[in-house]
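1. Turn this into a model:
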Amino acid sequence: MGKLFYAVKVGREPGIYRRQKQALEQIRDFSRGEWVRFVTLEEAERYLRDSVCNIDYDWLIREKNKKFYKDKVSSEELSLTEELEYTEKYSKEPDILVAYTDGSAYRDYAAYGVVFVQHNQVLEQLSGIKKIYPQKCMSLQAEIHAVEASIMYGIKHQYKKIMIFHDLSTLGLAAYGQVHIHTPIYREYQRSIQDMQKHIDIHFIKVKGHRENPFNNLADQLAKDLIIKKKKK
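-> Numbers count the residues shown, from 1 in each chain. Down below sits the predicted model:
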């Protein structure tokens, strides 16, 4: 039997390869990688041609982003002890800004809170509230405002890196295109992150909300306090 043809339908670089090792390299670490070997080139080409409309190219891009940006986004569930250990570790580094972010919404208002930590102590607090129109994904917009405010602070104070601790799992994943971005809000958010990362190295760490992490609870309270004031008016 002559050399076979290896057609990769879903992988890093879909196409036809003459060596099995090359084909396998294209699907390594791809949970949905697909490939088939053929005796003739015509069969391999037909396989790709007939299936090309079924290829989820957006998914391929997301898979590539997961590999490329894997060190910038941590979405795994951490214990409270791990959250605080990471906070202490990074807050001791002079070039790293540690920020806890959170948001809250009420009617057409989105409020945010940010807590900056240095040497495991509160360095500074930021909060703000904005009227949003149209009223879409208000809680999400509040969370995004918190992230953007923290990054702008880091850029202003010339930090090299920012570690953003947040409790909304999609914030970090969406920032680096690792989840399906199906709303204009998320697309604008991603563009904003891409622009700001030219000036500072941006990392995300997922924490669990509403438990005994004092920094996360403080960020949450900063945002809620502004909403409470708005409700009283």
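
2. would you list every one of the strands in this protein?
-> Secondary structure of the chain (DSSP state E): strands at 5-10, 15-17, 34-38, 73-74, 96-106, 109-118, 121-131, 161-166, 201-206.

3. Need those strands in JSON lines (columns: mean neighbour count, distance to residue 177 and mean pLDDT).
-> C-betas here are computed from N, CA, C, even on glycine. Listed next are those as JSON lines, based on neighbours: other CB atoms under 10 Å; distance: least, CB to CB, whole Å; pLDDT from 0 to 100:
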{"stretch": "strand 5-10", "mean neighbour count": "22", "distance to residue 177": "18", "mean pLDDT": "86"}
{"stretch": "strand 15-17", "mean neighbour count": "18", "distance to residue 177": "23", "mean pLDDT": "84"}
{"stretch": "strand 34-38", "mean neighbour count": "16", "distance to residue 177": "22", "mean pLDDT": "90"}
{"stretch": "strand 73-74", "mean neighbour count": "20", "distance to residue 177": "10", "mean pLDDT": "88"}
{"stretch": "strand 96-106", "mean neighbour count": "26", "distance to residue 177": "20", "mean pLDDT": "96"}
{"stretch": "strand 109-118", "mean neighbour count": "24", "distance to residue 177": "23", "mean pLDDT": "97"}
{"stretch": "strand 121-131", "mean neighbour count": "14", "distance to residue 177": "25", "mean pLDDT": "96"}
{"stretch": "strand 161-166", "mean neighbour count": "23", "distance to residue 177": "17", "mean pLDDT": "97"}
{"stretch": "strand 201-206", "mean neighbour count": "21", "distance to residue 177": "13", "mean pLDDT": "96"}
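
4. what mean pLDDT does stretch 23-33 have?
-> In this model, stretch 23-33 has a mean pLDDT of 77.

5. about what we covered before: turn the strands of the chain into CSV, including distance to residue 231.
-> CSV is the format used below for the strands of the chain (distance: least, CB to CB, whole Å):
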stretch, distance to residue 231
strand 5-10, 50
strand 15-17, 58
strand 34-38, 53
strand 73-74, 34
strand 96-106, 6
strand 109-118, 9
strand 121-131, 12
strand 161-166, 24
strand 201-206, 29
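
6. Surely residue 145 is in contact with residue 113?
-> No. If you go by CB atoms under 8 Å, residue 145 and residue 113 don't touch, sitting 9.9 Å apart.

7. so what sits against both of those two?
-> residue 103 (CB atoms under 8 Å, 6 or more residues apart in numbering).

8. okay, now residue 146: neighbour count?
-> Applying other CB atoms under 10 Å, we find 32 residues neighbouring residue 146.

9. Surely it and residue 104 touch.
-> No. Residue 146 lies out of contact with residue 104 (CB under 8 Å); the separation is 9.6 Å.

10. who touches both of these two?
-> By CB under 8 Å, 6+ apart, the residues touching both residue 146 and residue 104 are 112-113, 223.
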